[in-house]
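Engineer: Pasting a predicted model and its sequence here:
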Amino acid sequence: MSADPARNRWLVLVLVRIAASCGAVVGLVLLARAVTWPPKLLGVAIVLSALYVMAVVPRALAHRWRSPPNP
């Protein structure tokens, strides 16, 4: 990896988004292929949690890594 922290942070944000979208796809596959309701409920829970992670975690990381304002 390079020594540039901005590039590394951008890669982390992208990887979090990719992992969350893969989780949502897994949840959708589980939801579509399930026959009984417990696996379908698990698929819905996985999709909702992946969407939450996709929306909240990158924003929280960007907020944590934000530069302090110049006075």
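Structural biologist: Noted; the coordinates are in hand. Numbers count the residues shown, from 1 in each chain.
Engineer: what sits against residue 54?
Structural biologist: By CB atoms under 8 Å, 6 or more residues apart in numbering, residue 54 lies in contact with 17, 20, 21, 24. Glycine gets a C-beta too; all of them are placed from N, C-alpha and C.
Engineer: In this structure, where is pLDDT below threshold?
Structural biologist: 1-2 (pLDDT under 70).
Engineer: any idea where the strands of it begin and end?
Structural biologist: With DSSP state E as the definition, the chain shows no strands.
Engineer: OK, contacts around the residue lying closest to residue 57 once chain neighbours are set aside?
Structural biologist: In this structure, residue 57 finds its nearest non-sequential neighbour in residue 16, 5.3 Å apart by CB to CB, 6 or more residues apart in numbering. Residue 16 sits next to 53, 57, 58, 61 when contact means CB under 8 Å, 6+ apart.
Engineer: again with residue 35
Structural biologist: Applying CB under 8 Å, 6+ apart, no residues qualify as near residue 35.
Engineer: how near is it to residue 14?
Structural biologist: Distance of residue 35 to residue 14, computed by CB to CB, to the nearest Å: 36 Å.
Engineer: now swap in residue 3 and tell me
Structural biologist: Counting by CB to CB, the gap from residue 3 to residue 14 is 19 Å.
Engineer: who are the neighbours in contact with the closest residue in space to residue 49 that isn't next to it in sequence?
Structural biologist: Distances taken as CB to CB, 6+ apart place residue 23 nearest to residue 49, at 7.4 Å, with adjacent residues excluded. Taking CB under 8 Å, 6+ apart, we find residue 23 in contact with 46, 49, 50, 53.
Engineer: Of these, which belong to helices?
Structural biologist: 46, 49, 50, 53 (DSSP state H).
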